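> Just a sequence and a predicted model for now, questions to come.
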Amino acid sequence: MTAAKEYIESVYQKVELRGPHQKEFLQAVREFFNTIEPAIENNPDYIKWNVLEQMVEPERIITFKIPWMDQAGNVQINKGYRVQFNSANGPYKGGLRFHPTVSESILKFLGFEQTFKNSLTGLPIGGGKGGSDFNPKGKSDADIMRFCQSFMTELYRHIGPQLDVPAGDIGVGGREIGYLYGQYKRLVGPETGVLTGKPVVMNGSLGRTEATGYGLVYYTEEMLQANNKSFSGQKVIVSGSGNVAIYTIEKVHEYGGTVIACSDSNGYIYDENGIDVALLKDIKEVRRERLTSYNKEGSRYIEGSVWDLEVAYDIALPCATQNEIDGEKAEKLIHNGAYCVSEGANMPSTLEAVDLYIENGILYGPAKAANAGGVATSTLEMAQNSAHGHWTMEQVDEKLKQIMVNIFKSVNETCQEYDLGNNYLAGVNITSFVKIADAMIHQGIV
Ligand code: NDP
């Protein structure tokens, strides 16, 4: 075993000892550690400064109680978190998730990945993540507002435009960010740069809603073209039907691909002629209904996971949630003919699934790179807020595209430098690891 490998394994064991039950966090660390040995071999400073152990421990985890009264007069208590993971590159930046599964392990995995993702954008932002086990599904606007106000009544003291700038994630969109900002303003005063993903009428950025989905397609198209392929004429499956999924589908169609299925946590729509994005937006963004309302002629609603669908297709874009593709589903997807998997969701593939992609030469776009468009555009929102200005949709979209193209370019260069072929997973992890590690070493032990 090389010294680098020995070091990596010794740090992993410590992580395991510190949090043996944090399975999502352990999975994210394991996947990362499996690929960075060449970078550690390359630079003895990484072991000398014990950079890995410094990296896997969040700088701060804040947990708090969120008491609120629902519209029926019941007292409700939820748990809130903010994980301030790493500030080597700038203020903590990362979304808030409202979902009943939210736990410290999930937010640590998300904050860990966010740190590396943010460094890939080349923008001056550190990594963080937060949220609550609150379930927004089926709640009235009034309940959502009351909950958001109570959440911010605690969170406000831990965030700030130069300190920590949250945004949205699962269960947190423009409506929630609006209510959160309203409460922040009551407590602290107007400070638009403290949250991103704000509605455009509240000094949000044009293009932020579309950014993660569009960015995913821009990144994936770069990867496809580097391998003499393209979205044009391809059949695509997108999981999820939320923010990331909707704008991914829209952009795939613009690029000449056909999205034949999309899903939610209960089932999926199979629509051979291509998902109707206008109808999907109306159902999810306007009416806030379930996918069962999608009633276009020729389409079918089927219960279960979209990754169990057995039809021929070319490209898989998971955009729902973590671990939605396990080993069995990955095998099925490869058997169905998919040659490319690019991730809009964070860690949608289990370790077993990722191993199968690499073994089978699948063109793989890991979330850290492929879905970085959301946070990149959030940072563009911060820039507009601090300059008290606004950019047009075209200006924002052009900058987003350039950032995604640059991310792929730097990943590709790392693949060449380290002789990794098209193992883009290793390319992504090494590129981002080196950026963060070098920034940390320059700052000393802090
Ligand atoms: P939304 O809440 O808008 O949508 C989430 C979608 O995923 C819904 O269709 C939801 O279905 C589905 N989903 C959630 N949990 C499950 C589950 N356990 N099994 C199957 N489907 C599920 O969230 P986003 O679109 O914002 O986020 C999706 C993913 O993208 C997340 O992994 C998030 O971390 C990641 N991401 C988001 C960014 C953003 O800018 N929004 C930026 C970068 C990454 P249902 O309605 O039934 O719950």
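Looks like it arrived, so ask away. Note that this is a predicted model, so its numbers are computed, not measured.

> So which bits of this structure are right by the ligand?
Taking Cβ under 6 Å from any ligand atom as the criterion, the neighbours of the ligand within the chain are 168-171, 212, 240-245, 264-266, 319-321, 324, 344-346, 371, 374. Any C-beta I mention is one placed from the backbone N, CA and C, and that applies to glycine too.

> so of these, which ones are in strands?
The strands, defined by DSSP state E, take in nothing from the residues of the chain next to the ligand.

> Among those, name the buried ones.
Listed as buried from the residues of the chain next to the ligand are 168-171, 212, 240-245, 264, 319-321, 324, 344-346, 371, 374; burial here means 16 or more other Cβ atoms under 10 Å.

> which residues are contacting the helix or strand hosting residue 15?
Remark: residue 15 resides in helix 3-18, with elements defined by DSSP states H and E. Counting by Cβ atoms under 8 Å, 6 or more residues apart in numbering, helix 3-18 makes contact with 1, 25-26, 29-30, 33, 36-38, 40-41, 47, 50, 52-53, 56, all of which sit outside it.

> Please identify the residue of the stretch 151-300 of the chain positioned nearest to the ligand.
Nearest residue of the stretch 151-300 of the chain to the ligand: residue 242, at 1.8 Å (Cβ to the nearest ligand atom).

> gap between the helix or strand that residue 252 is a member of and the chain center?
Secondary-structure assignment from DSSP H and E places residue 252 in helix 243-254. Remark: helix 243-254 is offset 15 Å from the chain centroid, using Cα atoms, centre = their mean, to the nearest Å.

> Could you pick out the longest helix of this protein?
In the chain, with assignment by DSSP state H, the single longest helix is helix 393-417.

> for whichever helix or strand residue 78 is part of, which positions count as buried?
With secondary structure defined by DSSP H and E, residue 78 is part of strand 75-86. The neighbour-count check on strand 75-86 (16+ other Cβ under 10 Å) flags 78, 80, 81, 82, 83, 84, 85, 86 as buried.

> Just give the strands next to the helix or strand following that strand in its sheet, each with its orientation.
Using DSSP H and E, the next helix or strand after strand 75-86 towards the C-terminus is strand 92-98. Strands flanking strand 92-98 in the sheet, each with its direction: strand 127-132 (parallel), strand 164-167 (parallel) (DSSP bridges).

> out of those, deepest packed?
Neighbour counts (mean count of other Cβ atoms under 10 Å) averaged over each of the strands paired with strand 92-98 peak at strand 127-132, with a mean of 30.

> Moving C-terminal from that one, which element do we reach first?
Using DSSP H and E, the helix or strand that follows strand 127-132 towards the C-terminus is helix 141-155.

> list the buried ones in that next one?
143-155.

> can you pull the contacts of residue 23?
Residues residue 105 are the ones in contact with residue 23 under the rule Cβ under 8 Å, 6+ apart.

> mind checking pLDDT for it?
As predicted, residue 23 sits at a pLDDT of 98.

> Now it, what are its backbone angles?
In this entry, residue 23 is assigned phi and psi values of phi -70, psi -30 (degrees, to the nearest 10).

> Kindly report the same for residue 21.
Dihedral pair for residue 21: phi -100, psi 0, per degrees, to the nearest 10.

> what's it in contact with, if anything?
Taking Cβ under 8 Å, 6+ apart as the contact definition, residue 21 lies against residue 105.

> run the last query once more with 10 Å
Residue 21 sits next to 103, 104, 105 when contact means Cβ atoms under 10 Å, 6 or more residues apart in numbering.

> and the gap between residue 145 and residue 184?
Plainly put, residue 145 is 14 Å away from residue 184 if you go by Cβ to Cβ, to the nearest Å.

> and residue 284, how many neighbours?
The burial metric for residue 284, expressed as a neighbour count using other Cβ atoms under 10 Å, is 23.

> same deal with the one 4 residues further on?
Using other Cβ under 10 Å, residue 288 is surrounded by 12 other residues.

> now residue 276
Residue 276 has 17 neighbours, counted by other Cβ under 10 Å.

> Might one say that it is in contact with residue 282?
Yes: taking Cβ atoms under 10 Å as the contact criterion, residue 276 and residue 282 are neighbours in contact, 9.3 Å apart.

> Name the residues contacting each of these two.
Between them, residue 276 and residue 282 share these contacting residues under Cβ under 10 Å, 6+ apart: residue 294.

> Apart from its neighbours in sequence, what residue is nearest residue 310?
For residue 310, the nearest residue in space outside its immediate sequence neighbours is residue 336; the separation is 6.4 Å by Cβ to Cβ, 6 or more residues apart in numbering.
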